[in-house]
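K.L.:
quick one, structure for this:
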Amino acid sequence: MSGSSAGGPVPIVRDNKPVTVALEAGKTYYWCQCGRSKNGPFCDGSHKGTGFKPKKFVAEKTETRQLCMCKHSEKAPFCDGSHKKAEVLAAYNRQLLEANSKFTDDLIKLKEDTKKYQIACAVLGAAVAFLTFKSKFRL
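P.N.:
Now for the predicted structure:
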């Protein structure tokens, strides 16, 4: 498995299919092994503090290749079909469920915060109206 060793950090399954990229002969690339990069298959430094390092490779020729996005390929950075394995699919599905749960929790919190905001605005509006009324009639 790419990017992790027994008992080591576990990569994030970025996608359940590879990404096709155009590589230039002689150019050096840094493939993301952790799965945290927002820069597709390439490293953006998001691995810092995770125990992962990008995999450096030099394209042998100018060609279009499929790079691994599940981060479990034995031929990393190239796809070997590991994204079809049951344990990789299970990890990907688990990540999707966790992300959905967090999103739902965030929506609930936002809804609660919105209610608090609306109440605060109503109280503030009432206070401004009262102060305006009070100053207008010199109470």
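
K.L.:
name the SS class of Ala99, please.
P.N.:
helix (DSSP: H, G, I helix; E, B strand; the rest coil).

K.L.:
could you pull out the strands for the protein?
P.N.:
In the chain, the strands defined using DSSP state E lie at 19-23, 28-31, 55-58, 63-67.

K.L.:
so which of the ones you listed gets nearest Phe130?
P.N.:
strand 19-23 (60.3 Å; CB to CB). For the C-beta atoms, the positions are set from N, CA and C on the backbone; glycine is no exception.

K.L.:
restricting to C-alpha, output that closest one in PDB.
P.N.:
The C-alpha trace of strand 19-23 is given here as PDB (Å, rounded to 0.1, in the frame of the first residue of the first chain):
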ATOM      1  CA  VAL A  19      -7.100  10.900 -12.500                       C
ATOM      2  CA  THR A  20      -5.700  11.200 -16.000                       C
ATOM      3  CA  VAL A  21      -2.900  13.700 -16.400                       C
ATOM      4  CA  ALA A  22      -0.500  14.800 -19.100                       C
ATOM      5  CA  LEU A  23       3.100  14.400 -18.000                       C
END
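
K.L.:
which residues are contacting that strand?
P.N.:
Residues outside strand 19-23 that contact it (CB atoms under 8 Å, 6 or more residues apart in numbering) are Tyr29, Gly40, Pro41, Ala59, Lys61, Thr62, Glu63, Thr64, Arg65, Gln66, Leu67, Met69.

K.L.:
so which of those residues is the most crowded?
P.N.:
Pro41 (24 neighbours; other CB atoms under 10 Å).
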